[in-house]
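Asks: Have a look; sequence and predicted model below, questions after that.
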Amino acid sequence: MARTEGTGGIEGVAAAARRPVSRKSLLKAALVAVPLPALLGGGVALARDHRPSDAPLEPTPFCDDGDDPTPPQIEGPYFKPNSPERASLLEPGTRGTRLTVSGFVFGLTCQPVAHALLDFWQADDAGAYDNRTYRMRGHQYTDVRGAFTLTTVVPGLYPGRTRHLHVKVQAPGGRILTTQLYFPGEPRNNTDPLFDAALLMNVRQAGSAKQATFDFVVTPDRRGG
Ligand SMILES: [Fe+2]
């Protein structure tokens, strides 16, 4: 289902600000703070093991709020099927600010989804889509932890849109989520009717490059919403 115009922009930012802390952000905090073997080996790691002895117990950060799936967005005119399988869209001579986007794909009940398909496509540094070949296009699969990393460049701006990446995400046997990812602090986020603050990546500068994170929540089977 395509997101209708008028639901993003400043209203979207305000709506996001009103939301309680999402499970995704809590998951990110936990994944940063807890060694991965603790997450994989024993299920949910117990944050209370690390608290000061007199601190109150925190609510369980996992799977407590029935988080919504990642919002869909329109595909746009530039999707091409059958992109090459590659985690890096960089080719010899690719220009632009280096960007990595990493994160996890989760199901609705917080389980990481292994071997989920992610198909990325984007404008190049100059804001142009290559519709003749597969430049700046590629698909990859999450690993056993449900993790992915895309290596690319920051997409350039083109008329009418704020800065964005396109992506399709599909759990094995699941429905396809078509959506877009956005960059914080972009002036056009306030004027692009498609912009949705729920699709903002966390982006940090790392030397001359940018490192972004985003976690997807998908419906693992075709029956889900
Ligand atoms: Fe686009």
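Replies: Ah, there it is. Numbering: from 1, shown residues only.
Asks: List the residues that contact Ala147.
Replies: 102-104, 112 (C-beta atoms under 8 Å, 6 or more residues apart in numbering). Yep, even glycine has a C-beta here, placed from its N, CA and C like the rest.
Asks: wait, I meant Glu75
Replies: Applying C-beta under 8 Å, 6+ apart, we find Glu75 in contact with 166, 168, 178.
Asks: circling back: sitting in strands, which of the contacts of Ala147 do you find?
Replies: Mapping the contacts of Ala147 onto strands (DSSP state E) picks out 102-104.
Asks: what's the burial count for His139?
Replies: Per other C-beta atoms under 10 Å, the neighbour tally for His139 reads 20.
Asks: Kindly report the same for Thr152.
Replies: Counted with other C-beta under 10 Å, the neighbours of Thr152 add up to 23.
Asks: State the pLDDT value of it.
Replies: For Thr152, the pLDDT comes out at 98.
Asks: Can you tell me the closest non-neighbouring residue to it?
Replies: Using C-beta to C-beta, 6 or more residues apart in numbering and skipping the chain neighbours, the partner closest in space to Thr152 is Leu89 (4.2 Å).
Asks: returning to what we had before: closest to Pro71 out of the ones in strands among the contacts of Ala147?
Replies: Gly103 (15.5 Å; C-beta to C-beta).
Asks: And that closest one, how far from Ile74?
Replies: 22 Å (C-beta to C-beta, to the nearest Å).
Asks: Looking only at neighbour counts, state which of these two leads.
Replies: Each of Gly103 and Ile74 has its neighbours counted (other C-beta under 10 Å); Gly103 has more, 24 against 15.
Asks: follow-up on the earlier one: filter the contacts of Ala147 down to the buried ones, ChimeraX style.
Replies: To isolate the buried members of those in ChimeraX, using 16 or more other C-beta atoms under 10 Å:
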select :103,104,112
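Asks: Can I get the contacts of Ala147 in a markdown table including distance to Thr219 and pLDDT?
Replies: Formatted as a markdown table, the contacts of Ala147 follow (distance: C-beta to C-beta, whole Å; pLDDT from 0 to 100):
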| residue | distance to Thr219 | pLDDT |
| --- | --- | --- |
| Ser102 | 22 | 98 |
| Gly103 | 17 | 96 |
| Phe104 | 15 | 95 |
| Pro112 | 15 | 92 |
